[in-house]
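Novice: kindly generate the corresponding structure for this input.
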Amino acid sequence: MGHDAVTQLRRCGPGLALALALLTPLAAEANSPLLDSVKKNPQQAKALCAQLKAFNAQGISYTSPQALAQIAAQRGLNTTDAEILATYVVGLYCPDVR
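Specialist: Numbers count the residues shown, from 1 in each chain. All right, here's what the predicted structure looks like:
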């Protein structure tokens, strides 16, 4: 894990940092198109951040079944992949989302 990634993890809450530490190697090994979409297009990541912040404004966690089901439906994913994508985006682009 590079220095920038470690810095990003330190900025996150402990639970999110742990989730990212566990999920990032799995996603990197798979070289998944799941994360490539937001890696190559930060605007998509920022749009997802806005959506997740809107959930937070309603008192809904980005990891709630409701939020994950909506993300999954919008992107044609299963809820596990939606959670991986959301966690990745939150860790890198909007660590203030809960």
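Novice: phi first, then psi, for N41.
Specialist: Here is the backbone geometry of N41 (degrees, to the nearest 10): phi -140, psi 80.
Novice: so what pLDDT did it get?
Specialist: N41 is assigned 92 on the pLDDT scale.
Novice: do you know how far it is from V89?
Specialist: 11 Å (CB to CB, to the nearest Å). For every residue, glycine as well, the C-beta is placed using N, CA and C.
Novice: again with K46
Specialist: For K46 relative to V89 (CB to CB), the value is 9 Å.
Novice: so which residues of the chain form helices?
Specialist: Taking DSSP state H as the criterion, the chain carries its helices at 3-11, 14-30, 33-40, 42-57, 65-75, 79-93.
Novice: can you list contacts of the fifth one?
Specialist: Helix 65-75 is contacted by residues 48, 51-52, 55, 60-61, 77-79, 81-83, 85-86 when judged by CB atoms under 8 Å, 6 or more residues apart in numbering.
Novice: okay, buried residues for stretch 46-63 please.
Specialist: For stretch 46-63, a neighbour-count test (16 or more other CB atoms under 10 Å) marks 48-49, 51-52, 55, 60, 62-63 as buried.
Novice: stretch 62-80 too?
Specialist: Buried, per 16+ other CB under 10 Å, within stretch 62-80: 62-63, 67-68, 71-72, 77.
Novice: if anything else comes up later, I'll come back, but that's it for now.
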